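Colleague: Sequence and computational prediction follow.
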Amino acid sequence: LDARMRTARRGGAAAIVQPVCGSDNGHPVGFSREFFAQLMSLAGDRGARSVIAANADATVTVSVDDRGVIDDLDQPPG
């Protein structure tokens, strides 16, 4: 993801880089510094979904084969 972030940031563009496995969005998601204020204003346990949705034009997805990127480590399995 680091290499994709560097590529997406060429020219100083704001970027969000998100792994995707199949049709499922994964983690970790990389955010360039332009999104810091939006991320810091989040409250509760909703994560950064709203920031990603509000900035879809800046979001780059990276297809991966590792289903581990979609596991929610905050929740027990099953």
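Modeller: That came through, no problem. Note that the structure is predicted; figures quoted are calculated from it, not measured.
Colleague: mind checking which helix or strand of this structure has the lowest mean pLDDT?
Modeller: In the chain, no helix or strand scores lower on mean pLDDT, DSSP states H and E than helix 2-8, which sits at a mean of 81.
Colleague: If I look at the residue sitting nearest the centre point of the chain, what pLDDT would I see?
Modeller: In the chain, the centroid-proximal residue (C-alpha atoms, centre = their mean) is residue 29; its distance is 2.6 Å. If you check residue 29, the pLDDT there is 92.
Colleague: I'd assumed residue 16 was in contact with it.
Modeller: Yes - using C-beta atoms under 8 Å, residue 29 is in contact with residue 16, at 6.4 Å. In this view, the C-beta of every residue, glycine as well, is placed from N, C-alpha and C.
Colleague: Need the residues touching each of these two.
Modeller: residue 52 (C-beta atoms under 8 Å, 6 or more residues apart in numbering).
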